[in-house]
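>>> coords please:
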Amino acid sequence: MAVLNDHAQAAGKKVMYAFNITGEVDHMRRGHDLVRDLGGTRVMVTLNSVDLSGMLGI
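Modelled structure (predicted):
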């Protein structure tokens, strides 16, 4: 996130970067929370391996 924030300062606008999170549902939820807490705005997950019901808590 530091690199993205540095770029935003230099460019005057924030870029969109989607963090890819894979693994078990609990692992992906922790990854989501980490990205959110660090100021990230996007994550990518594979619904085929998790199913929509697995992502409802995120």
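>>> quick check: chain neighbours aside, which residue is closest to residue 4?
For residue 4, the nearest residue in space outside its immediate sequence neighbours is residue 17; the separation is 5.7 Å by CB to CB, 6 or more residues apart in numbering. For every residue, glycine as well, the C-beta is placed using N, CA and C.
>>> list the residues that contact that neighbour.
Residues in contact with residue 17, defined by CB atoms under 8 Å, 6 or more residues apart in numbering, are 4, 40, 42.
>>> which elements pack onto the helix or strand where residue 32 lies?
For residue 32, the host element (DSSP states H and E) is helix 25-37. The contact analysis (3 or more CB pairs under 8 Å, 6 or more residues apart in numbering; DSSP states H and E) places helix 25-37 against strand 42-44.
>>> what residues sit buried inside the strand it packs on?
Judged by neighbour count using 16 or more other CB atoms under 10 Å, the buried positions of strand 42-44 are residue 43.
>>> same question for stretch 31-43.
Buried residues in stretch 31-43, counted by 16+ other CB under 10 Å: 31, 32, 35, 40, 43.
>>> would you format the contacts of residue 17 as JSON lines with pLDDT and distance to residue 25 included?
Shown next, in JSON lines, are the contacts of residue 17 (pLDDT from 0 to 100; distance: CB to CB, whole Å):
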{"residue": "4", "pLDDT": "85", "distance to residue 25": "26"}
{"residue": "40", "pLDDT": "87", "distance to residue 25": "19"}
{"residue": "42", "pLDDT": "89", "distance to residue 25": "19"}
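>>> turn those residues into TSV, including distance to residue 23.
As requested, the contacts of residue 17 are arranged in TSV below (distance: CB to CB, whole Å):
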residue	distance to residue 23
4	23
40	17
42	18
